[in-house]
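Q: I would like to see how this sequence folds:
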Amino acid sequence: MYAIEVENLTKRFGDLIAVDHVNFTVKKGEIFAFLGPNGAGKTTTINMLTTLLKPTEGRATVAGYDVVKEPSEVRKKIGIVFQDPSLDRELTAYENMYIHGKIYGYNGIKLKERINDLLKFVELERFKDKVVKTFSGGMARRLEIARALIHEPEILFLDEPTIGLDPHTRAHIWEYIKRMKKERDMTIFLTTHYMDEADQLADRIAIIDHGKIIAEGTADELKRLIGNDVVYLKFTNGMIECIKAEFIKDCKILPDGRIELGVENASEAIPKIFELSIQKSWKILEVSYHKPTLNDVFLYLTGREIREENGESFAILKTVARRRFR
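A: Modelled structure (predicted):
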């Protein structure tokens, strides 16, 4: 049985199609990542799966319950960490946890034990009586994760969980996510525009752009779409044309004028490229290569790198949705 099943899920806002007939499944106990730029439809998808938005078309089940027909049952089974901060900054860590636990029906000794266990899990037990406004961004994020776990959800939704955090703190949050899967056998649905985050954490990845899923698989499967190695070329004479040769698996012209080549072995391919350039009188200005990354995959599929887009068109919507959930 799948933890999440999605069929032709679509969301329109007037003439804007934010999510366009997406289909995917998430297995129990896996980390599934939605990778894509800001404005791609990641948050809108999460809002539909967590019952904060009703789909325009399609259907989805979460923990076996229909998100439209059985929203109350879905909410009992899920935890959410929103992209934007949602803690009460004037309360202590313990008080934030306590209020959230009461909402889910926890009381007395059981609630206190649950709070203490979770604060220990995220290494905040020493700060339980500190007011949240004194916390660093990383501490606040860890508290939000602990709060989302208080009712022992089957599925945890993390919407851009490390956005705005420094590299050290991001790595720390990654460790908590890995521990949640390992120690609690939790299903985690993660959205991110950080390629390294999806690469490090996810068992499977769906790349989404302009509301559509354009590729899905493990990180290694996605990288194999463009061969084992990637070579980038730029010529001094402004030549922009694909190079054809037996050792070149794929060739693509990029918007910045570079030529991207997919090859099996860059160290063997580059000398052959120089031989071709001598024969053809090409003057190479720049050459570089590396093993494929998820950014290369996105570049290969779309012709551009994952970009920082303005998501402000959904800012008000997210705020309303968050208030409704709380």
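Q: Pull out the buried positions in stretch 295-306.
A: Asp296, Val297, Phe298, Leu299, Tyr300, Thr302, Ile306 (16 or more other Cβ atoms under 10 Å). Any C-beta I mention is one placed from the backbone N, CA and C, and that applies to glycine too.
Q: what mean pLDDT does that stretch have?
A: The average pLDDT for stretch 295-306 rounds to 84.
Q: CA atoms only: put that stretch into PDB for me.
A: Extracted in PDB, the C-alpha atoms of stretch 295-306 (Å, rounded to 0.1, in the frame of the first residue of the first chain):
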ATOM      1  CA  ASN A 295      21.100  20.600 -11.700                       C
ATOM      2  CA  ASP A 296      22.600  19.200 -14.900                       C
ATOM      3  CA  VAL A 297      19.500  17.000 -15.200                       C
ATOM      4  CA  PHE A 298      17.200  20.100 -14.900                       C
ATOM      5  CA  LEU A 299      19.300  22.000 -17.300                       C
ATOM      6  CA  TYR A 300      19.200  19.000 -19.800                       C
ATOM      7  CA  LEU A 301      15.400  18.700 -19.500                       C
ATOM      8  CA  THR A 302      14.500  22.500 -19.500                       C
ATOM      9  CA  GLY A 303      17.500  24.300 -21.100                       C
ATOM     10  CA  ARG A 304      18.000  26.400 -18.000                       C
ATOM     11  CA  GLU A 305      19.200  26.000 -14.400                       C
ATOM     12  CA  ILE A 306      16.900  25.900 -11.400                       C
END
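Q: can you point me to the longest helix in the chain?
A: In the chain, taking DSSP state H as the definition, the longest helix is helix 167-184.
Q: tell me the angle of whichever helix or strand comes after that one relative to helix 167-184?
A: Next along the chain after helix 167-184, taking DSSP states H and E as the criterion, comes strand 187-192. Per axes from the mean of the first three to the mean of the last three Cα atoms, to 10 degrees, the angle that strand 187-192 makes with helix 167-184 is 160 degrees.
Q: Output the contacting helices and strands for strand 187-192.
A: Counting contacts by 3 or more Cβ pairs under 8 Å, 6 or more residues apart in numbering; DSSP states H and E, strand 187-192 packs against strand 2-13, strand 16-27, strand 31-35, helix 42-49, strand 155-159, helix 167-184, helix 195-201.
Q: distance between the fifth one and the chain's centre?
A: Taking Cα atoms, centre = their mean, to the nearest Å, the mean C-alpha location of strand 155-159 is offset from the chain mean by 10 Å.
Q: Show the average pLDDT along that strand.
A: Strand 155-159 comes out at a mean pLDDT of 96.
Q: Can you list the strands that it pairs with?
A: strand 78-81 (parallel), strand 187-192 (parallel) (DSSP bridges).
Q: Run through the strands of this protein in chain order.
A: 2-13, 16-27, 31-35, 57-62, 65-66, 78-81, 155-159, 187-192, 204-209, 212-217, 229-235, 248-253, 259-263, 284-290 (DSSP state E).
Q: which sections of this structure are below the confidence cut-off?
A: Along the chain, segments meeting pLDDT under 70 span 238, 307-326.
Q: give me the beta-bridge partners of the nearest residue in space to Asp129 that is not next to it in sequence?
A: Once flanking residues are discounted, Asp129 sits nearest to Thr92: 5.2 Å by Cβ to Cβ, 6 or more residues apart in numbering. When assigned by DSSP bridges, Thr92 has beta-bridge partners Val131.
Q: Next one: Thr92 from Val132, what distance?
A: Thr92 is 7 Å from Val132, where distance means Cβ to Cβ, to the nearest Å.
Q: joint contacts of these two?
A: With contacts taken as Cβ atoms under 8 Å, 6 or more residues apart in numbering, Thr92 and Val132 have no neighbour in common.
Q: so how far is the first residue of stretch 22-35 from its last?
A: Start and end residues of stretch 22-35 are separated by 14 Å (Cα to Cα, to the nearest Å).
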